[in-house]
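K.L.:
just a sequence and a predicted model for now, questions to come.
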Amino acid sequence: MSMPEDSMPEGDTRSAPTRMPGAMLIALLVSGISLAACYGATFLLAEHLRVQGRDPALAGIAVTTGTVFTIAVALVAGRLAARIGTIRCLALAGMVMALAMVAFALTGRVAGSHLMGGALIGIAWSLFYILAPLPIIARVAAGERIRDLTYLSGAQMAGLGLAAPLGGALAAQGLPLALIYFGFALLASGAAILLLAIGDRRAGGAAAGPGAEDVSILDSASVCAVLATTARIPIVLIGLASCTFAGLATFQSVYAAERGLAFGQFFLVFTLVTVTLRFGLAAHLTRLPAERLAVLLLTLVVVALVLFWADRGSVPVYLLASALFAAGYGLSYSTLNALAVNRAEAGGAAPAAASQVFTITYFLGLFGFPALGGLLISAGGTALLLPALAALAILALALALGMLRMTAVARKSV
């Protein structure tokens, strides 16, 4: 008896090489750090508004504006990439991000610039975040994708985590925040130029042109094709996982205040552990069955949430819970992304479409759950929020165990 195609853990390699071209991978990683750093610079906007004599609450409106544009652009990013090419589209994201940083620099001097910056940063981040994995998916064999996808997510987390501390440190030394934002604009511009250079270099070869990438226009047919395969399981898993992260991160200050803890320790530990593990373990993740790895990582998330719930103010327990959550959630994104893409490809669906559906599901959980989390906080504080997050994590773990069992049964039936 043969194994059903969409139950195969590795998928069809379709003669893809096992490694990305070095120059292209470096360009993606450098651009990932740069654009993520610019996105992280939004955390400085409230202080920039305050210094300019404006209401810091306007930063929240700018971020909300960015969120709307992020989700809207995610739905059409594939169409744009199919028209002009993925690499050019990523370079465009760098240019738009540079304009967003200039708009933030002009906040307080040009009316409405904070809203313009919010909209532009949403467009840029959505384009880059949803399309950056596609060159990897198109060029790397199914069993090896998790490595390069983990490197990419590590680069993005490094930029996101370093931006606010670095910008804050420079501001503390007397450097105006407007000038710091102009510096971020130069960083994004450099990323765009690097990507364009890589695109021009490829244009001299046979792989040039918009159709060179494995880009799928996202429509109802492609979405249904993806969801008809077992790729739907890791897609649902990232939705649940992103809800747990959004709930824990958004209301971490509330949690810490209730227990006399410093919430900054959570974000510091989360960033350090996530970046370290993503870069340190990326090359070794290809040796592990992805389904088993997903179960292990989601188990760590559940254990971490139980520790958060049990902690009544112990700093060591708080740090341990933060580290375990970072380890579990931090590696789960690239693991589940690779699983979704590989299972979709094995089931006959377009892997690029699967990656886009995966990322949109992630965005929906990340940006959508805080509204529900806010209602839970209002009704019962973290005493109500934490059990809800744990329930979501346990559900995700149960689905991952089901996926693992399904794979094991399919293997035995061969």
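P.N.:
Received the coordinates, thanks. All values reported here derive from a predicted model rather than from experimental measurement.
K.L.:
residues in contact with the least confident helix or strand in the chain by mean pLDDT: which ones?
P.N.:
Here the helix or strand of the chain ranked lowest by mean pLDDT, DSSP states H and E is helix 45-51, holding a mean of 86. By Cβ atoms under 8 Å, 6 or more residues apart in numbering, the surrounding residues in contact with helix 45-51 are 55-60, 62-63, 104, 107-108, 114, 117, 168, 171, 177-178, 181. Backbone N, C-alpha and C define where each C-beta goes, glycine included.
K.L.:
in the protein, where is pLDDT below threshold?
P.N.:
1-19, 200-216, 409-414 (pLDDT under 70).
K.L.:
50 - rerun?
P.N.:
Applying pLDDT under 50 to the chain picks out residues 1-15, 203-212.
K.L.:
domain ranges for it?
P.N.:
Following automatic domain parsing, one finds the domains of the chain at 5-212, 220-412.
K.L.:
residue 134 contacts residue 352, doesn't it?
P.N.:
Yes - here residue 134 reaches residue 352: they are 5.3 Å apart, a contact under Cβ atoms under 8 Å.
K.L.:
when these two are compared, which one has more neighbours?
P.N.:
residue 352 (28 against 25; other Cβ atoms under 10 Å).
K.L.:
tell me the helix or strand right after the helix or strand hosting the more buried one.
P.N.:
For residue 352, the host element (DSSP states H and E) is helix 351-380. Beyond helix 351-380 in the direction of the C-terminus, DSSP H and E gives the next helix or strand as helix 382-412.
K.L.:
got the angle between the helix holding residue 352 and helix 382-412?
P.N.:
With axes from the mean of the first three to the mean of the last three Cα atoms, to 10 degrees applied, the angle from helix 351-380 to helix 382-412 works out at 150 degrees.
K.L.:
give me the contact list for stretch 257-270.
P.N.:
Residues beyond stretch 257-270 that count as contacts (Cβ under 8 Å, 6+ apart) turn out to be 161, 249, 252-253, 255-256, 311-313, 315, 318-319, 322-323, 325-326, 330, 381-382.
K.L.:
now intersect the residues you listed with the helices, please.
P.N.:
Taking DSSP state H as the definition of helices, those contribute 161, 249, 252-253, 255-256, 315, 318-319, 322-323, 325-326, 330, 382.
K.L.:
show me what contacts residue 316?
P.N.:
Neighbours of residue 316 in contact, by Cβ under 8 Å, 6+ apart: none.
K.L.:
and it, how far is that from residue 80?
P.N.:
49 Å (Cβ to Cβ, to the nearest Å).
K.L.:
ditto for residue 238
P.N.:
23 Å.
K.L.:
neighbour-wise, which of those two wins?
P.N.:
Per other Cβ under 10 Å, whichever of residue 238 and residue 80 has more neighbours is residue 238, with 25 against 19.
K.L.:
the more buried one touches residue 360, doesn't it?
P.N.:
No - if you go by Cβ under 8 Å, residue 238 and residue 360 don't touch, sitting 10.1 Å apart.
K.L.:
returning to what we had before: in helices, which of the contacts of helix 45-51 fall?
P.N.:
Short answer: the contacts of helix 45-51 in helices (DSSP H) are 58-60, 62-63, 104, 114, 117, 168, 171, 177-178, 181.
K.L.:
now, which of those residues sits nearest residue 366?
P.N.:
residue 63 (12.4 Å; Cβ to Cβ).
K.L.:
wait, the closest one sits on residue 118?
P.N.:
Yes - the criterion here is Cβ under 8 Å, and residue 63 meets it with residue 118 at 6.2 Å.
K.L.:
what's the overlap in contacts for these two?
P.N.:
With Cβ under 8 Å, 6+ apart as the test, residue 63 and residue 118 both reach residue 42.
K.L.:
quick one: which of these two has more around it?
P.N.:
Using other Cβ under 10 Å, the more surrounded residue of residue 63 and residue 118 is residue 118, with 28 against 18.
K.L.:
so that one versus residue 90, what's the distance?
P.N.:
Taking Cβ to Cβ, one finds residue 118 at 21 Å from residue 90.
K.L.:
again, but for residue 45
P.N.:
Residue 45 is 24 Å from residue 90, by Cβ to Cβ.
K.L.:
pick out whichever of those two has more residues nearby.
P.N.:
residue 90 (29 against 23).
K.L.:
and that one, what does it touch?
P.N.:
By Cβ under 8 Å, 6+ apart, the residues touching residue 90 are 28, 31, 127-128, 131-132, 195.
K.L.:
need those in CSV with secondary structure and distance to residue 301, can you?
P.N.:
Shown next, in CSV, are the contacts of residue 90 (DSSP: H, G, I helix; E, B strand; the rest coil; distance: Cβ to Cβ, whole Å):
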residue, secondary structure, distance to residue 301
28, helix, 27
31, helix, 29
127, helix, 29
128, helix, 26
131, helix, 27
132, coil, 24
195, helix, 34
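K.L.:
so which residues of the stretch 1-150 of the chain form helices?
P.N.:
Taking DSSP state H, counting those that start in this stretch as the criterion, the stretch 1-150 of the chain carries its helices at 22-40, 45-51, 58-74, 77-84, 86-105, 113-131, 133-139, 145-172.
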